[in-house]
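S.K.: Take this sequence and fold it.
(chains A and B)
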Protein chains: 2
Amino acid sequence: MDATTRIEKSLVEAISRAESRAGPPRLAAAVRHAVFPKGSRIRPRLCLAVAEACGAKDTAIVDAAAAAIELLHCASLVHDDLPCFDDSPTRRGRPSVHAAFGEPLAVLAGDALIVLAFETIAREAACAPSVLPGLLLSIARAAGMPFGIAAGQAWECEPRIDLAQYHRAKTGALFVAAAAAGATAAGRDAGAWHAFGEGLGQAYQVADDIRDAAGSAEDMGKPIHQDAALGRPNAVQRLGIAGAVDWLEELVAEAVRAIPACPGANDLRSLIASEAQRLLPKELSRHAA
Amino acid sequence: MDATTRIEKSLVEAISRAESRAGPPRLAAAVRHAVFPKGSRIRPRLCLAVAEACGAKDTAIVDAAAAAIELLHCASLVHDDLPCFDDSPTRRGRPSVHAAFGEPLAVLAGDALIVLAFETIAREAACAPSVLPGLLLSIARAAGMPFGIAAGQAWECEPRIDLAQYHRAKTGALFVAAAAAGATAAGRDAGAWHAFGEGLGQAYQVADDIRDAAGSAEDMGKPIHQDAALGRPNAVQRLGIAGAVDWLEELVAEAVRAIPACPGANDLRSLIASEAQRLLPKELSRHAA
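M.R.: Alright, predicted model coming up:
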């Protein structure tokens, strides 16, 4: 089964187990809307790729960790789109959750997705008790405070923003956790994969800045030029398009150099290079590493 | 160490570990505001009491589970108070989190508290790997969907409300989880404690209805008569004050009868009887069981 199929299958299973005819149907619909149809799934693909490179045997716990990471990412998108943050009417080319279901269900869908992420890992845990605490801790750190997604988003509410911490927490942390979870699930040392995950997270952030400044709303599936409109820091504003593309290439190259020795290191290097091409708007993608 | 001291200590430790001088300070302040000073702490006290009755040896995992349950409860209060739900300006006699810190930080503080709940259990897990999956699953079920707190709150967004499911999910689920977690942490069968937890959850809901209808805002620390104002179901509206107090007594008596055989059953029975007195407004408390 290829990575995409495995990821969609584990997400469908996780969401289905959270549904019941005796539960509130609109919450269930809002949660489905937040997770399907799929976005890039870049974080769970990273988790699977690292697990594969590390020679993971137990695919069930890897798939659960990958699904959990994507569920946390979807939760953060639902809450980021709320009127009190970005007030975004669209996401992935469709109405955002609050636009489609109202603000109360968007708050609750995000909450339910966070819980479901941990539940999904716990459910597979009985088969892999030795890796469970490490998996949970690295994923929780990436989602919460002081250095996870919630903390990253919270920097936008501070009178003085620590830019490095802001990007590291809002975007980088879940990439670090995805790489760490893949390694942990394979019984390898998660710490060795930190620099790789962090480098990819930074690269993704720069690519996102470039797409926000130079992409089309159609390609993005959400409003563009939001960083300028909301006064948020953006690499293109600092470096120009060409400078930002150069920086992206450098970050990807650094991440590739940071891949620790492991059975599938070569395949992983090729995968990262081809994935990097997909991060940029089509007309810029020939420049990317 | 008495139960209250143990609970406050484990909450202080959990919150402190989520703080860092390098993290966003206003989020940290909002999270502290949501958890301290203490509310009734009735759910973690229930968890500790069941663990004690079951003869639990490992207090660290019991304390972590109790703290996790209270953190989830605090998260639900923060999100319930948001303008898109109850729009409550006060909680525990002080400004609610969104009133004190704004709506964005209230959303994120709730998110961070949910994550912290699971992180708190995971942190103690290495010492108690055999109970970890069971603990996580019962607590996740009580918080998420289809039958946890998020689902309970989501019934308020449905055109047709299933009243039994609404109360069971919004209030009962976390009482069930508190009792189950206490038993699980002691290595006992959690299922045997379900009826006890559910009965206490129902009793608490009726007591809350009575206090909303007949208590004072000062005693409650939050606005009263909210059920009538927001058109929510309330036992006093259906049964009158005397009828609701009778029903409360019956529910407490049933819960006490449902206590399974365990080393500390007698002490637990006495504790529940005395706790039930505290659930009612002062002028009604002589009626309670």
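S.K.: Go ahead and confirm A:Cys74 touches A:Leu113.
M.R.: Yes. Using C-beta atoms under 8 Å as the test, A:Cys74 is close enough to A:Leu113 to be in contact (5.6 Å). No exception for glycine: its C-beta is placed from N, CA and C like everyone else's.
S.K.: more neighbours, the two?
M.R.: A:Leu113 (32 against 26; other C-beta atoms under 10 Å in any protein chain shown).
S.K.: residues contacting that one?
M.R.: Shown in contact with A:Leu113 (C-beta atoms under 8 Å, 6 or more residues apart in numbering or on different chains): A:Val31, A:Ala34, A:Val35, A:Leu71, A:Leu72, A:Cys74, A:Ala75, A:Val78.
S.K.: Same list, these, but as JSON lines with pLDDT, secondary structure and distance to B:Met145 please.
M.R.: As requested, the contacts of A:Leu113 are exported to JSON lines (pLDDT from 0 to 100; DSSP: H, G, I helix; E, B strand; the rest coil; distance: C-beta to C-beta, whole Å):
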{"residue": "A:Val31", "pLDDT": "98", "secondary structure": "helix", "distance to B:Met145": "7"}
{"residue": "A:Ala34", "pLDDT": "98", "secondary structure": "helix", "distance to B:Met145": "12"}
{"residue": "A:Val35", "pLDDT": "98", "secondary structure": "helix", "distance to B:Met145": "13"}
{"residue": "A:Leu71", "pLDDT": "98", "secondary structure": "helix", "distance to B:Met145": "12"}
{"residue": "A:Leu72", "pLDDT": "98", "secondary structure": "helix", "distance to B:Met145": "16"}
{"residue": "A:Cys74", "pLDDT": "98", "secondary structure": "helix", "distance to B:Met145": "14"}
{"residue": "A:Ala75", "pLDDT": "98", "secondary structure": "helix", "distance to B:Met145": "12"}
{"residue": "A:Val78", "pLDDT": "98", "secondary structure": "helix", "distance to B:Met145": "14"}
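S.K.: Return every residue with contacts to both of A:Cys74 and A:Leu113.
M.R.: With C-beta under 8 Å, 6+ apart as the test, A:Cys74 and A:Leu113 both reach A:Ala34, A:Val35.
S.K.: Okay, buried residues for the strand or helix carrying A:His73 please.
M.R.: Applying DSSP states H and E as the criterion places A:His73 in helix A:59-80. Buried residues in helix A:59-80, counted by 16 or more other C-beta atoms under 10 Å in any protein chain shown: A:59, A:61-80.
S.K.: before we move on, what about stretch A:43-59?
M.R.: A:43-54, A:56, A:58-59.
S.K.: same question for that stretch, mean pLDDT?
M.R.: The average pLDDT within stretch A:43-59 is 95.
S.K.: what does that stretch rub up against?
M.R.: A:3-4, A:6-7, A:62-63, A:65-67, A:69-70, A:73, A:127-128, A:174-175, A:178-179, A:181-183, A:185-188, A:193, A:196-197, A:200, A:259, A:262-265, A:267-268, A:271, A:275.
S.K.: Show the buried residues in the residues you listed.
M.R.: By 16+ other C-beta under 10 Å, the contacts of stretch A:43-59 give A:3, A:6-7, A:62-63, A:65-67, A:69-70, A:73, A:128, A:174-175, A:178-179, A:181-183, A:185-186, A:188, A:193, A:196-197, A:200, A:259, A:262, A:264, A:268, A:271, A:275 as buried.
S.K.: Give me the distance between the two termini of stretch A:150-161.
M.R.: This stretch, stretch A:150-161, spans 14 Å end to end (C-alpha to C-alpha, to the nearest Å).
S.K.: can you check stretch A:129-148 too?
M.R.: Across stretch A:129-148, first to last residue, C-alpha to C-alpha, it's 24 Å.
S.K.: same deal with stretch A:253-269?
M.R.: For stretch A:253-269, the end-to-end distance is 10 Å (C-alpha to C-alpha).
S.K.: centre of the chain versus that stretch, how much separation?
M.R.: 20 Å (C-alpha atoms, centre = their mean, to the nearest Å).
S.K.: likewise stretch A:172-192?
M.R.: The mean C-alpha position of stretch A:172-192 is separated from the chain mean by 13 Å, C-alpha atoms, centre = their mean.
S.K.: So is that stretch next to chain B?
M.R.: No. Stretch A:172-192 is not in contact with chain B by C-beta under 8 Å from any C-beta of the partner chain; minimum separation 11.4 Å.
S.K.: Return the set of buried residues in stretch A:240-252.
M.R.: Here stretch A:240-252 shows A:Ile241, A:Ala244, A:Val245, A:Trp247, A:Leu248, A:Glu249, A:Leu251, A:Val252 as buried, counting by 16+ other C-beta under 10 Å.
S.K.: Now for the closest residue in space to the first one that isn't next to it in sequence: which residues touch it?
M.R.: Same thing as A:Ile241. Nearest residue to A:Ile241 in three dimensions, chain neighbours excluded: A:Ala214, at 5.7 Å (C-beta to C-beta, 6 or more residues apart in numbering or on different chains). With contact taken as C-beta under 8 Å, 6+ apart, A:Ala214 is in contact with A:Val236, A:Ile241, A:Pro281, A:Leu284.
S.K.: And those residues, which is closest to B:Ile224?
M.R.: A:Val236 (53.3 Å; C-beta to C-beta).
S.K.: Distance of the closest one relative to chain B?
M.R.: Applying C-beta to the nearest C-beta, to the nearest Å, the value for A:Val236 to chain B is 25 Å.
S.K.: In which helix or strand does that residue reside?
M.R.: Judged by DSSP H and E, A:Val236 forms part of helix A:235-257.
S.K.: hmm, back to that, quick one: which of the buried ones among the contacts of stretch A:43-59 sit in helices?
M.R.: A:3, A:6-7, A:62-63, A:65-67, A:69-70, A:73, A:174-175, A:178-179, A:181-183, A:185, A:196-197, A:200, A:268, A:271, A:275 (DSSP state H).
S.K.: check contacts around the residue nearest to A:Lys282 when sequence neighbours are not counted.
M.R.: Of all residues not flanking A:Lys282 in the chain, A:Asp219 sits nearest, at 7.3 Å (C-beta to C-beta, 6+ apart). By C-beta under 8 Å, 6+ apart, A:Asp219 lies in contact with A:Arg211, A:Pro281, A:Lys282.
S.K.: What strand or helix carries A:Asp219?
M.R.: Per DSSP H and E, A:Asp219 falls inside helix A:217-220.
S.K.: who are the neighbours of the helix or strand just after that helix, in terms of helices and strands?
M.R.: Using DSSP H and E, the helix or strand that follows helix A:217-220 towards the C-terminus is helix A:226-230. Judged by 3 or more C-beta pairs under 8 Å, 6 or more residues apart in numbering or on different chains; DSSP states H and E, helix A:226-230 is in contact with helix A:194-214.
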